[in-house]
Structure formats: C-alpha cells, structure tokens
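# Starting from these lines, generate the structure:
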Amino acid sequence: MPGQVSKSRKWSREVIIRYALLQLPELAVVVLALFLIRNWIDVPDWCYIAVPVAFVIKDVVLYHLTWTAYDNSISTNHHRMTGRKGIAVERIAPVGYIEIKGELWKAELADNSVPIEKGSVVCVKDMNGLTLRIIAE
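This is a model prediction of the structure:
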C-alpha cells in the first residue's frame, strides 16, 4: 500500500524538525488563548504551565502515530512504488487506471508501446507526480 512504511525505516532528523515546527503555531495559539481568557475569567496560575505542557506531551505521544505523514520525501515515495505489480482496470492507451493492492492509481504507458488491455498485469517502472508510468508485465 502506498501509505505503508516498512519496519526498517527510522525517523529522520528532518521529519522530527518538520513535525515540531508544524506544532508550534498550535502551542502559540493555546498560550495566547490562555492569556486572553484571563481577562474574562479567573484562571489559576498553574494552568499557564500545565495546559501548554499537556499540549507538548500530546504532540510527543501522537508523533509516533503520525510521523509518516510528515515524511513526504519524493525519492522515498518514488522508491516504494517502483517495481510494484498491478492490474489494469481499463484499457490504457496511453492513460488509464490500474489497481495495486486495492487502490486505484492513474497510470500512463512508460514508453510508446501498444495499449494495455483491461485485466492485464502491469509493472510500475517510474512515477511522475501521482501518475504511475507502467509497462506490460
């Protein structure tokens, strides 16, 4: 599946930094909201520390579950799809759709070969954005 990550892949420094930087605006809004709320209601002093710390803890816990969404390296995604096998769900001449592990992908012929018929097995040769470049198997 395109979104799956092999067990051998590890977190990279770039992914951790990207994740942390995307969490900073949320933390800033929470801190700002606390200071604005104190004008209308009496907020205990410990809340000014506990609430931001709780948001940081939440981000640390959720990082384990969401880090792959922040790892959008084109070369990594490109590498994951190259060599995969699929089935043509329609005639591909030169563009159509294929199915790989239950997911539909837009595909185009990798070379100027003859059209690929519906039901034929295809192999992913390359990727161009989200369009798979395929050859007949």
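
# and Ala107, that's in a strand?
Yes - note on Ala107: a strand contains this position according to DSSP: H, G, I helix; E, B strand; the rest coil.

# My read is that it contacts Leu132, right?
Yes - here Ala107 reaches Leu132: they are 4.6 Å apart, a contact under C-beta atoms under 8 Å. All C-beta atoms are positioned from the backbone trio N, CA, C, and that covers glycine.

# can you list residues touching both of those two?
Counting by C-beta atoms under 8 Å, 6 or more residues apart in numbering, the residues touching both Ala107 and Leu132 are 86, 98.

# how close does the residue located most distally from the centre of the chain sit to Phe55?
Of all residues in the chain, the one whose C-alpha sits farthest from the chain's mean C-alpha position, using C-alpha atoms, centre = their mean, is Asp42 at 41.9 Å. Taking C-beta to C-beta, to the nearest Å as the measure, Asp42 and Phe55 are separated by 21 Å.

# Packing partners of the helix or strand harbouring Leu65?
Secondary-structure assignment from DSSP states H and E places Leu65 in helix 47-66. If you count contacts as 3 or more C-beta pairs under 8 Å, 6 or more residues apart in numbering; DSSP states H and E, helix 47-66 packs onto helix 13-37.

# Quick one: distance of the helix it packs on to the chain centre.
From the chain centre to the centre of helix 13-37 is a distance of 20 Å (C-alpha atoms, centre = their mean, to the nearest Å).
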